[in-house]
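Engineer: Okay, structure incoming, though there's no sequence with it:
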């Protein structure tokens, strides 16, 4: 029931088909809605509710095989998170992943900073050397107090350039920048591996220890500080490949015997042919790729050493020549040669090239140790799946699986014929 009060304006309106008095009247309206039928709901008993939950759990386990006895899955029920038995390993892997992400950002920022160092130091040293050479040449053309001032100024600039060259050649900014780039890439690779472990599920304490060892090995291989003896030696006596992974298991004997594998379906994807193929790949890596990068690394190391010694030596001679030389020819010539050498060394980034060879040599050494450690494992179930392992090795070498098998067969035939294989294992670099 609702009541409405009519307005005087509406009453006096001639368009209405009805008349009403000028006094306010009350209009009563009523709305009658049809009655709805009663619907009764019957709730199941507690026992039937439990049976429904059991049926639902059974249906879920049938549809999702990962939910069957998988300790890595957490169950959320009534707002309460029930952690599984291996949730501690998952939490630790997440913590390691966060630390790895922080290291990625640190190495990226430091790498950009050291790229700027290389550019600024290169330009500054060249400008100092060229300016000093010009002053020495002008000062050698006459006598007087102004020319003496030019000689002293050129001596000062040559001395400053010599000190800056000694510091720059000691730290090798281009090599430092390449180290940080490699470190950022390898830490990203490690972060992806940790995330894959978590996504697949069922991680163990061994996975946590392995991740920590890899992080510490990367920290040791690519240190951030330059002082306190932490910086890598930029001019070692001999070329050595970089190592950024933990020590792996070595073969107990000098040669690994081919394991007798039964022809059944329980070999985890491994067979005698696949093991022989992996051994042939190792031989090609040793004889071709590793030897070639070791040769190139030694060449780059010798060139870098020569440039690092000759550039400050030339600026030092120019500084002495600007004081004792009368015509200014010696300081001008020595300064020009020092500029050329410095441009080749740091403009050409010889240190970066040397570090690139170190990284490539480390990659092949890691590949060799990975294959040897896998073949050393006697229990086939503990190995990585053979087909998956073969595919991963082929992709790391820039090949397809069929191309990897062709390489192994070619290596075996060349070894039987007593000739050297004319192909490298890697097609990436």
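Structural biologist: Looks like it arrived, so ask away. Model, not experiment: these values are computed from the prediction.

Engineer: which residues touch stretch 100-109?
Structural biologist: Under the contact criterion CB atoms under 8 Å, 6 or more residues apart in numbering, stretch 100-109 has outside partners 180-181, 183-184, 187-188, 190-191, 194, 215, 218-219, 222, 224. In this view, the C-beta of every residue, glycine as well, is placed from N, C-alpha and C.

Engineer: So for it, mean pLDDT?
Structural biologist: What stretch 100-109 shows for mean pLDDT is 97.

Engineer: In it, which residues are buried?
Structural biologist: Judged by neighbour count using 16 or more other CB atoms under 10 Å, the buried positions of stretch 100-109 are 100, 103-104, 107-108.

Engineer: one step back: kindly reformat the contacts of stretch 100-109 as a markdown table containing pLDDT and distance to residue 284.
Structural biologist: Output for the contacts of stretch 100-109, formatted as a markdown table (pLDDT from 0 to 100; distance: CB to CB, whole Å):
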| residue | pLDDT | distance to residue 284 |
| --- | --- | --- |
| 180 | 96 | 31 |
| 181 | 96 | 28 |
| 183 | 97 | 28 |
| 184 | 97 | 30 |
| 187 | 97 | 29 |
| 188 | 97 | 28 |
| 190 | 96 | 27 |
| 191 | 96 | 31 |
| 194 | 96 | 31 |
| 215 | 96 | 32 |
| 218 | 96 | 28 |
| 219 | 95 | 32 |
| 222 | 96 | 28 |
| 224 | 92 | 36 |
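
Engineer: just the buried residues of stretch 100-109 now: which is nearest residue 374?
Structural biologist: residue 100 (24.6 Å; CB to CB).

Engineer: nearest residue to the closest one other than its sequence neighbours?
Structural biologist: Once flanking residues are discounted, residue 100 sits nearest to residue 191: 4.6 Å by CB to CB, 6 or more residues apart in numbering.

Engineer: and that neighbour, which of the three is it?
Structural biologist: Here residue 191 is recorded as helix under DSSP: H, G, I helix; E, B strand; the rest coil.

Engineer: Would you agree it is in contact with residue 94?
Structural biologist: No: Residue 191 lies out of contact with residue 94 (CB atoms under 8 Å); the separation is 11.2 Å.

Engineer: In terms of neighbours, single out the busier of these two.
Structural biologist: residue 191 (19 against 12; other CB atoms under 10 Å).

Engineer: what residues are up against that one?
Structural biologist: So residue 191 contacts 97, 100-101, 104 (CB under 8 Å, 6+ apart).

Engineer: Just send those residues back as TSV, with distance to residue 277 too.
Structural biologist: Below are these laid out as TSV (distance: CB to CB, whole Å):
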residue	distance to residue 277
97	35
100	34
101	37
104	35
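
Engineer: Residue 222 against residue 183, yeah?
Structural biologist: Yes: counting by CB under 8 Å, residue 222 does reach residue 183; the two are 3.6 Å apart.

Engineer: between the two, what contacts are shared?
Structural biologist: Looking at what touches both residue 222 and residue 183 (by CB under 8 Å, 6+ apart), the common residues are 107, 244.

Engineer: Any idea how far stretch 172-183 is from the middle of the chain?
Structural biologist: In terms of CA atoms, centre = their mean, to the nearest Å, the centre of stretch 172-183 is found 13 Å from the chain centre.

Engineer: And stretch 421-429, by the same measure?
Structural biologist: With CA atoms, centre = their mean, you get 24 Å for stretch 421-429.

Engineer: same deal with stretch 319-337?
Structural biologist: The answer for stretch 319-337 is 48 Å, by CA atoms, centre = their mean.

Engineer: Stretch 163-172 too?
Structural biologist: Centre-to-centre, stretch 163-172 and its host chain are 28 Å apart (CA atoms, centre = their mean).

Engineer: give me the low-pLDDT residue ranges for the protein?
Structural biologist: In the prediction, the chain carries residues with pLDDT under 70 at positions 1-86, 141-145, 248-266.

Engineer: Quick test: name the residue nearest the centre of it.
Structural biologist: In the chain, the residue lying closest to the centroid (CA atoms, centre = their mean) is residue 185, at 1.8 Å.

Engineer: in what helix or strand does it lie?
Structural biologist: Residue 185 belongs to helix 173-200 when assigned by DSSP states H and E.

Engineer: Buried residues of that helix, list them for me.
Structural biologist: Neighbour-count burial for helix 173-200 [16+ other CB under 10 Å]: 173-184, 186-188, 190-191, 193-194, 197-198.

Engineer: Give the next helix or strand downstream of that helix.
Structural biologist: Counting by DSSP H and E, what follows helix 173-200 is helix 205-221.

Engineer: That'll do, ta.
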